[in-house]
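In: After the sequence you'll find the predicted model.
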Amino acid sequence: MATFTTVQGLLSSFGLARNDDPKTSKAAAKTIPASLEAQVLAAFRSFPEGATADQIVEHLGLRWNSVTPRFKRLMEQGLIEDTGRRVKGVSGRSQRVLKAV
């Protein structure tokens, strides 16, 4: 599982405080424990060859519906990408293999 230190530096990437927010808001944003998106990104970084949703869910010990919605935003930000590979998941259905950029 990702540690606070690992993901603390990623917080600004996820917009926890806007540029025009007061200094107090920016300071408060830095004290928030790792966002879920940052945890998911850190999990992907622990799989250099890429990982499926099932692997990330298991790695983080969280629910599927908490983890998988983060993939789209991470992809839009260019932080993870689709490797083009597909593997059979726990459900028997094909899953994308995604990896951190």
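Out: Okay, I see it. Owing to the predicted nature of the structure, the values given are computational and were not obtained by experimental measurement. Numbering: from 1, shown residues only.
In: Next, the contact list for the closest residue to Gly89 other than its chain neighbours, please.
Out: Nearest non-adjacent residue to Gly89, counting by C-beta to C-beta, 6 or more residues apart in numbering: Gln95, 4.1 Å away. Backbone N, C-alpha and C define where each C-beta goes, glycine included. Contact analysis of Gln95 by C-beta atoms under 8 Å, 6 or more residues apart in numbering lists Thr52, Ala53, Asp54, Arg86, Val87, Lys88, Gly89.
In: Can you give me the buried ones in the strand or helix carrying Gln95?
Out: Per DSSP states H and E: Gln95 is located in strand 94-100. Neighbour-count burial for strand 94-100 flags Gln95, Arg96, Val97, Leu98, Lys99, Ala100 (criterion: 16 or more other C-beta atoms under 10 Å).
In: In TSV: the residues you listed, plus distance to Arg63 and pLDDT.
Out: Compiled in TSV, the buried residues of strand 94-100 are given as follows (distance: C-beta to C-beta, whole Å; pLDDT from 0 to 100):
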residue	distance to Arg63	pLDDT
Gln95	16	97
Arg96	19	97
Val97	21	98
Leu98	18	98
Lys99	22	97
Ala100	21	97
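In: can you list the weak-confidence ranges in this protein?
Out: Applying pLDDT under 70 to the chain flags the ranges 1-17, 29-34.
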